[in-house]
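1. Below are the sequence and a predicted model for it; my questions follow.
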There are 2 protein chains.
Amino acid sequence: MSFMTELAALLDPAGILTGAQIDGYLLDNRRRYHGAAQAVVRPRSTAEVAAVMKLAHAHGVPVVPQGGNTGNCGAATPDGSGTAIVLSLERMNRVLAVDADNNTITVDAGTVVADVQAAARAAGRLFAADWGAVGSARIGGALGTNAGGVNVLHYGNMRELTLGLEVVLADGTVWDGLRGLRKDNTGYDLKQLFIGSEGTLGVITAAVLKLSPQLSAQATALVALETPDAAVTLLRGLQDQVGERVTSFELISRRCWELLAEHCPELPQPFAAPPAWTVLVELADGGAPAVLVERLAEALFELGHEDVLLAQSVTEAQDFWRLREHIPESQRRRGTSIKHDIAVPVSHIPAFMVEAETVLKAAFPDLDLVAFGHVGDGNLHYNVFLGDLGKGVYEHEPAVNAIVYDIVARHQGTISAEHGVGQLKRDQLPLYRGEVELNLMRTIKAALDPLGIMNPGKVL
Amino acid sequence: MSFMTELAALLDPAGILTGAQIDGYLLDNRRRYHGAAQAVVRPRSTAEVAAVMKLAHAHGVPVVPQGGNTGNCGAATPDGSGTAIVLSLERMNRVLAVDADNNTITVDAGTVVADVQAAARAAGRLFAADWGAVGSARIGGALGTNAGGVNVLHYGNMRELTLGLEVVLADGTVWDGLRGLRKDNTGYDLKQLFIGSEGTLGVITAAVLKLSPQLSAQATALVALETPDAAVTLLRGLQDQVGERVTSFELISRRCWELLAEHCPELPQPFAAPPAWTVLVELADGGAPAVLVERLAEALFELGHEDVLLAQSVTEAQDFWRLREHIPESQRRRGTSIKHDIAVPVSHIPAFMVEAETVLKAAFPDLDLVAFGHVGDGNLHYNVFLGDLGKGVYEHEPAVNAIVYDIVARHQGTISAEHGVGQLKRDQLPLYRGEVELNLMRTIKAALDPLGIMNPGKVL
C-alpha cells in the first residue's frame, strides 16, 4: 500500500490535510522559506503520533514537526521537494495537570504558550516564559527552539523551565520522561537532547513545565543612558542592590524610538527627546507594589541616575512594554532588514557594539542600524537596513553576516541566541562551532535518527 | 611498548602513582567499594588528559575519572580487576577567570568547590552550589554527578549553574565548549550529556559556571510542625508571600534531633522538647538583614505559625545550620544504615512519608527511621536503621530498597535525586527507568564511547 493510503487509515479525516488547505503550513513566519509537502498530518494523541512516525520510518518519509509556525529560522518549514509530511501538533493542545504545590504544569506539546500562562495564573502560579508570539507559539515549538524572551534573566530559557518530556522517537517508539522532579540523577538527562534540537531527533508530544510563585509587585522604569557600557554598569549595580529581583533588562537604541515614532505613531513616546540609549528595567517581588517601586526609585537614585521615567501605574508599565514589543513591528513597517539574534558575554556587549558599528559603517556607508534586546542575558537583536533596498538587501546578507558573526566569535559569542539554527543559519554553523562540536552533533543525530527522516536539512 | 611505559613518557614523575600510594583513591567515600587499578594518573593540563585518553583508547584501558572522591554511589571507584587507571583531576585546580559583569567563573575541573565559592566571594559574587563536602569535593565530580545541596530550591543543581564545559572525549579528542553565554541555541546542547553522566561519556576538564549577586541579607528560622503536610503548606504560603526569596527549606524529623542530642552533644539543642517535624527555612535578599528578618517573622505569623525560633544573629543562624549539617554525622555515629536519596513531587511528600513508614514498619518492626532533606525541591534523605545490626543491616538492603523504591515509583519519583547511580544503584536503574529510556542511554553511550573504556560498570 502507498504511504498516503496507509496514513489515511491511521487518522480521522480532519487529521490529514492536502492541496490548497496546507499553504499556510508551508510558509515560514518571516516568509523567507516556502516548502512543499505530501500532506499536513494532525494527530490528536501521542499514540497517533507514534503510529505516524512508525509509518514514516517504514517508508523513509521525512517528517517536519510544526507547532505554531512562529519560528524565525525556517526550522518548521519543509524543503521544496514535496517528499516530506508536516506533522502539526495543533490538535494536541490540552493542559493535562496543574500541581500548584509542586509548582508544575503538564501540557500537550501543541498547547499555545499563552494558554499555559493562563492555566498557571488560574492556579495562582506563574509560567514565566514570555515573548511577543506567545499568543500563537506552541509549547513543542518553544521547546524545539529552546525559546527565550523577556524573562530569561531571572527565569531562564525554555530549557530551564522544563522538568520532563514525552517524546516520540524517529522509529515511533514513545519515551515517557514526563517527570515533575527538580532533582533526578538517574543516568543521562535525555530530555536535554530534544530541547533545542529543532525536531531533528524526535517529536516532543508533552512536557512538564516549571511554575513559579505569582509575584504581587512589579516596578518598571525607563532609564536614559549615554552608552551601552553604562547599561552593563547599571545592571551590576542594580543586582548588587536588589539581588536577583531584576527580571527584565532591555536595551533600546535611539534609532528604535525614531522608528517607533515614525511607524507606530499611535503609541505615545515617553521621552521628549529620545536618549542615545535606554534601558527598560523591571523588578518583580512579593509584597506591596508601592514598596517595590520605591525601592527601584531609591536604587536608581543611589546609582546616580536622574533621567528616569518610573512607571506610576500598571497601565504606564504596560505602555512602556508595548513600546518595547512594537520595535520589531516598527522595523517591519520600515522595510526589510538583515537580522541577527546574537549573544556575547554581558561584559563584552559595549566592545561588540563599538566594533561592529565601526566595521559595518566602513563597509556600508548608508547603514541604518537598529539594536535592541535582552542585554541582561547578553542577547542582542542587531538588525541592519541598507538604505531602502527592500528585499534587495538580502544580496548583501552574506557580507553583513560575515562581519557581524566574526566579531561575535571574537567575543566568544553565539550566532543564534534564542531563535535557533533551522535553515537560515545551517550553513554558518560549521564556521563558528568547529569540527569537533559538529561531529559530536552528527554522531548524536546518526545514533537517534539513523535513517535521517527527522526534519532533514535543519540544524546540521 | 607497554601501556605503562608509554604512559610514563606522557607525564612528570608525580603524575603517576602506583602501589601503596594509591590506596586512598581506590576506596569510596562510604567505604563500600574497594577497587584496584594499574595506576592513578594525575595530569596537569587538558593536553595531558587528552594524551592519556588517546593512549588508553589505543590500548583499550578503562579509565575512571575522579575528583575529590566524595561521591556516595561508588562512581569514582574502579572495579576489582585492576585493569583500569584512575584519572585524578586533583592537580588541575586553577581558577582561570572571573567575569563579575557577566556573572561567570571559569575553572579547571579539579578545583575544590569551596575554592570556587571563595573566588566568587572575592569578586563580590556568589557561587551558589553548597553542600557538606564542598571543602573536598571538586567541580568535575560535582558536574559528573550533577550535585545538588542546600541551595537547589532557588539556584538549581550543578546543571543549572553551568554555562560551558571543556571535555576530553573517549578517544582523546578535546571538545572546547567553554562558553559563558546565558542564551545559545546553536544545535544540540552537548554539555548536558556530560553533566550527570558520572564520567561514562568523557572527562570534564574545565567549566564556565554561573555566579549570582551576593546577597547582603539572610533570615533563618526553625519552624515546629506537626506533619510533613504542614511543611508543604508552609512552603507554598511562604512562596506566595515572599516570592522566590526562599533559598532553603529543609525538613527535620524528631528522630534527627534525638540522634543529634545523643551523638553530637557538643551542639546545643534549640528546642526544649523536639517537635515531631521541623523546617529550617532561609530567605536571602539584598538590602538590610533586619528588614528581611522582620519580613520572615511577619510572614510566619500571618501563616499562623507561633512555634518559631527566629535566628537573631548570623551566629545563631550558623548554629541552626551546623545542626542540620551534623545530621549525617550523628547517623554515622549511631551505626550503619540503609540510605536512600530519593525525590518525589513536593505535593507527594506527605503521602510518600505515610505509606513508606507504614509498609516498612510492617516488614521490619524494629525499624529506626531517620528522614530529613531538601523538601523544597522534593528531595528526601530517607535512612533506615534496623535495631543494632551494624553492617549486617546490608543483608536487608534489597528488601528495604524494594519497598522504598516501589513507593517512590508510584509517586512518580526518582531513586536517585542528587547522588547519582554509580555502582550502588546501577542494577536498580532498569527496574525504575524502563527499557526505552535505558536503550536511549545505551545508544548514546555506544555512540560516544564505542570501546566502552569510560568508567565501565557505572550507571549502565
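-> That came through, no problem. Computed from a prediction, not measured in an experiment: that's the story for all the values here.
2. nearest spatial neighbour of the residue nearest the centre of chain A, skipping sequence neighbours?
-> Among the residues of chain A, the one closest to the centroid is A:Ala147, at 3.2 Å (Cα atoms, centre = their mean). Counting by Cβ to Cβ, 6 or more residues apart in numbering or on different chains, the nearest residue to A:Ala147 once its immediate chain neighbours are dropped is A:Met158, at 4.9 Å. To be clear about C-beta, it is placed using only N, CA and C from the backbone, and glycine gets the same treatment.
3. any idea how far that neighbour lies from A:Ala142?
-> For A:Met158, the distance to A:Ala142 (Cβ to Cβ, to the nearest Å) stands at 5 Å.
4. A:Asn103 now?
-> Separation of A:Asn103 from A:Ala142 (Cβ to Cβ): 19 Å.
5. ok, the two, which is more surrounded?
-> Higher neighbour count among A:Asn103 and A:Ala142: A:Ala142, with 33 against 26, using other Cβ atoms under 10 Å in any protein chain shown.
6. hmm, back to that, identify the residues contacting the residue nearest to A:Ala147.
-> Taking Cβ atoms under 8 Å, 6 or more residues apart in numbering or on different chains as the definition of contact, the neighbours of A:Met158 are A:129, A:142-143, A:145-148, A:195.
7. neighbour-wise, which of these leads?
-> Neighbour counts for the contacts of A:Met158 peak at A:Ala142, which has 33 neighbours (criterion: other Cβ under 10 Å).
8. Spit out the contact partners of that one.
-> Taking Cβ under 8 Å, 6+ apart as the contact definition, A:Ala142 lies against A:67, A:113, A:129, A:158.
9. go again using 6 Å as the cut-off
-> Applying Cβ atoms under 6 Å, 6 or more residues apart in numbering or on different chains to A:Ala142 gives the contacts A:113, A:158.
10. Next, it: secondary structure please.
-> helix (DSSP: H, G, I helix; E, B strand; the rest coil).
11. From what I see, A:Asp368 and A:Phe385 are in contact.
-> Yes: counting by Cβ atoms under 6 Å, A:Asp368 touches A:Phe385, with 3.8 Å between them.
12. higher neighbour count, the two?
-> A count of neighbours by other Cβ under 10 Å puts A:Phe385 above the other of A:Asp368 and A:Phe385, at 21 against 17.
13. Mind checking if the helix or strand harbouring that one is in reach of chain B?
-> Following DSSP states H and E, one finds A:Phe385 within strand A:379-386. Yes: interface with chain B: strand A:379-386 contributes A:Asn379 (Cβ under 6 Å from any Cβ of the partner chain).
14. so how far is that strand off the chain centroid?
-> 16 Å (Cα atoms, centre = their mean, to the nearest Å).
15. Keeping just the C-alphas, turn it into CSV.
-> Output in CSV follows, covering the C-alpha atoms of strand A:379-386 (Å, rounded to 0.1, in the frame of the first residue of the first chain):
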residue,chain,number,x,y,z
ASN,A,379,21.3,38.8,23.8
LEU,A,380,21.0,41.5,21.2
HIS,A,381,18.8,41.7,18.2
TYR,A,382,21.1,43.5,15.9
ASN,A,383,19.4,44.5,12.6
VAL,A,384,20.8,46.2,9.6
PHE,A,385,18.9,48.2,7.0
LEU,A,386,20.9,49.4,3.9
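16. by contact count, what packs against that strand?
-> Under the contact definition 3 or more Cβ pairs under 6 Å, 6 or more residues apart in numbering or on different chains; DSSP states H and E, strand A:379-386 sits against strand A:341-343, strand A:367-374.
17. do that again at 10 Å, thanks
-> In this structure, strand A:379-386 makes packing contacts with strand A:246-253, helix A:254-263, helix A:327-334, strand A:341-343, helix A:349-363, strand A:367-374, helix A:397-410, judged by 3 or more Cβ pairs under 10 Å, 6 or more residues apart in numbering or on different chains; DSSP states H and E.
18. Please convert the ones you listed to a markdown table, extending it with distance to chain B and mean pLDDT.
-> Below are the helices and strands packed on strand A:379-386 laid out as a markdown table (distance: least, Cβ to the nearest Cβ, whole Å; pLDDT from 0 to 100):
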| stretch | distance to chain B | mean pLDDT |
| --- | --- | --- |
| strand A:246-253 | 9 | 94 |
| helix A:254-263 | 20 | 97 |
| helix A:327-334 | 17 | 94 |
| strand A:341-343 | 5 | 96 |
| helix A:349-363 | 9 | 96 |
| strand A:367-374 | 8 | 92 |
| helix A:397-410 | 10 | 97 |
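19. just to revisit the earlier point, name the residues contacting each of A:Asp368 and A:Phe385.
-> Shared between the contact lists of A:Asp368 and A:Phe385 (criterion: Cβ atoms under 10 Å, 6 or more residues apart in numbering or on different chains) are residues A:255, A:259, A:334-335, A:337.
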